[in-house]
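Give me coordinates for this.
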Amino acid sequence: MPNRLHFGPDDLLRCRFAVSPLWETQEAVRTLKRPDRHGYHPQWLRRIRGAGAGLQLEALWLLMPQRGYSPDFIGPPPIGPAATFEEEIAAVRAATPEVARDELARGLACTAGAAESPQGRALLADPARAVRDLADAMEAAWHTLVEPDWPRLRALLEADIAFHSRRLAEVGLGALVAEIDPRFTWDAETLTVARSADHVRHLAGQGLVLMPSVFAWPDVVGGHDPPWQPTLVYPARGIAGLWTEPSERTSEALVRLLGRGRASVLAALTDPATTSALAHRLGLAPSSVSAHLTALRGAGLLVSRRYGHQVLYERTPLGIALAGGGGGEGGGNDGGI
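Presented below is the predicted three-dimensional model:
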């Protein structure tokens, strides 16, 4: 069954990409209950196993059916391209009881018996308290599940957006959507999402948010009914090396050629990243990483591009060949899993 989004002239001017720490947290919570997603994140699952066991996520899971509607107020469209978790969770806490109750009832109806369960009845009986409790649970999940890894996650998501933004300038929206995900097709001003919920929406001037996600892998998630801005969440490029530690990527041959620090930086750039993200990933001082990046760029192994307020570094074809020939990840930024 397809999801069809019909564009008007104004909608084409209001399409944007975004990164959302709140959405990534919501999908991380969902991933814990989705064994089919576990194979993409084994290192993360091992890391959070102990701390994650102490989280109270049952109410959130009750509102996350395998197929069907999840309340929009828990994961509203991102406020902007670089909103913080604190800004996004404040929007969740601002949900009115009336909106919350309607969306809670709709979400609970997607799971047999959920509305009649003690927890479901409690959510519906006091929606104002439900908003507070669900926001508290989401905030605890953020601090435990996502925040420790957010620099590396954000770097990968921003690299995805930088890549697709360049492709948008080169080929236009109609050709880009099929490159973002093969389930997307564009025809006669309509974006169709195959193998999705049967749904039709005229964007009516609101445009569309396109949002990459790590934890949604491999799913495409279509979100938000009126009055919310329509959003499509798609699998981010290049998660194959996301959880791989740098020591696992750096070959001794590359170390002998470049030195340990520069070899580690080059090997770690399986996808474009910022200086701070690389420093966090490698456990090095940002000043040291910056010096290595400057040297590698001077040697023609890297290029840098500005994305918003950040500078992303990525390997040149020569850098890709050198890292691959040295026994690293190789293949460069092919977007594969």
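
Sticking with Ser290, tell me its helix or strand.
helix 286-298 (DSSP states H and E).

which secondary structure elements does that helix contact?
Helices and strands touching helix 286-298, as assessed by 3 or more CB pairs under 8 Å, 6 or more residues apart in numbering; DSSP states H and E, comprise helix 260-268, helix 275-282, strand 302-307. Heads up, the C-betas are built off the backbone N, CA and C, glycines and all.

ok, of those, where does mean pLDDT dip lowest?
In terms of mean pLDDT, the lowest-scoring of these is strand 302-307 (a mean of 82).

Starting from it, tell me which strands it pairs with and how they run.
Sheet pairing here is set by DSSP bridges, and for strand 302-307 it gives strand 310-315 (antiparallel).

mean confidence score for the strand it pairs with?
On average, the pLDDT along strand 310-315 is 85.

Tell me where the stretch 1-150 of the chain has strands.
3-6, 16-17 (DSSP state E, counting those that start in this stretch).

Kindly reformat those strands as JSON lines containing distance to Ala100 and mean pLDDT.
JSON lines is the format used below for the strands of the stretch 1-150 of the chain (distance: least, CB to CB, whole Å; pLDDT from 0 to 100):
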{"stretch": "strand 3-6", "distance to Ala100": "25", "mean pLDDT": "88"}
{"stretch": "strand 16-17", "distance to Ala100": "26", "mean pLDDT": "90"}
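
ok, back up a step: how far does the helix holding Ser290 sit from its chain's centre?
27 Å (CA atoms, centre = their mean, to the nearest Å).

What of stretch 303-315?
The chain centre lies 19 Å from the centre of stretch 303-315; the measure is CA atoms, centre = their mean.

and the end-to-end length of it?
Using CA to CA, to the nearest Å, one end of stretch 303-315 lies 6 Å from the other.

Go through that stretch and flag the buried ones.
Under the neighbour-count criterion of 16 or more other CB atoms under 10 Å, stretch 303-315 has Tyr307, Gln310, Leu312, Tyr313, Glu314, Arg315 buried.

Give me the contact list for it.
Residues from elsewhere that reach stretch 303-315 (CB atoms under 8 Å, 6 or more residues apart in numbering): 81-82, 155, 158-159, 161-162, 165, 266, 269, 271-275, 278, 293, 297, 301-302, 316, 323, 332-333.

Which among those residues count as buried?
Neighbour-count burial (16+ other CB under 10 Å) is assigned, among the contacts of stretch 303-315, to 82, 155, 158-159, 161-162, 266, 269, 271-275, 278, 293, 301-302, 316, 323, 332-333.

related to what we said a few turns ago, as JSON lines, the strands of the stretch 1-150 of the chain with distance to Val171 and mean neighbour count would be great.
Below are the strands of the stretch 1-150 of the chain laid out as JSON lines (distance: least, CB to CB, whole Å; neighbours: other CB atoms under 10 Å):
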{"stretch": "strand 3-6", "distance to Val171": "19", "mean neighbour count": "18"}
{"stretch": "strand 16-17", "distance to Val171": "15", "mean neighbour count": "18"}
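
low-scoring pLDDT stretches of the stretch 51-200 of the chain, where are they?
Applying pLDDT under 70 to the stretch 51-200 of the chain flags residues 195-197.

Much appreciated, bye for now.
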